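1. build me a model:
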Amino acid sequence: MPEYIDPGVTKLRDSSSDDTITLLLGVSGDREEFIARVEQLDATVNASLGQATVRVTCPKATVSELCELDGLKSIELEREDVRALDEGNDRSRRRVTRS
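-> Just a heads-up that it's a prediction; the model follows:
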């Protein structure tokens, strides 16, 4: 069970909708192994942000399964207040901040 589940994610856990949603997943442990498990759940990893976060797009019906993954530290809805600090700078390492 993750340390943090966004309240918006909690509301989606019982969804059976095929509509897609974008989430930010905090990872503890081997990120590449975690990404492989995420992709087995019909989710797409769009980006790795920083050293411990991945951006994932998935059907709403998959949210509950994502919440149960080993190595998941946090799960939250992607919001417009989250942006990569390296936008526009190809030499910068990707990091995330809140506006």
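2. worst-scoring helix or strand of the chain, pLDDT-wise?
-> One helix or strand of the chain scores below all others by mean pLDDT, DSSP states H and E: strand 82-84, with a mean of 55.
3. please enumerate the strands of this structure.
-> Defined through DSSP state E, the strands belonging to the chain, from first to last, are 4-5, 20-27, 44-49, 53-59, 72-77, 82-84, 96-98.
4. of the ones you listed, which is nearest R13?
-> The closest of those to R13 is strand 4-5. By C-beta to C-beta, the value is 8.4 Å. C-beta: built from backbone N, CA, C; applies to glycine.
5. which strands and helices sit next to the closest one?
-> With contacts defined as 3 or more C-beta pairs under 8 Å, 6 or more residues apart in numbering; DSSP states H and E, the secondary structure elements packing on strand 4-5 are strand 72-77.
6. now the angle from the strand it packs on to strand 53-59?
-> With axes from the mean of the first three to the mean of the last three C-alpha atoms, to 10 degrees as the criterion, the two stretches strand 72-77 and strand 53-59 enclose an angle of 60 degrees.
7. pLDDT weak spots in the protein?
-> For the chain, residues meeting the criterion pLDDT under 70 lie at 81-99.
8. close enough to count as contact, G29 and G71?
-> Yes. Contact status for G29 versus G71: in contact at 4.3 Å, counting by C-beta atoms under 8 Å.
9. just want to know which of those two has more residues nearby.
-> Regarding G29 and G71, a neighbour count based on other C-beta atoms under 10 Å identifies G71 as having more, with 17 against 12.
10. I'd assumed L25 was in contact with the more buried one.
-> No. With contacts defined as C-beta under 8 Å, G71 does not count as touching L25, sitting 9.3 Å away.
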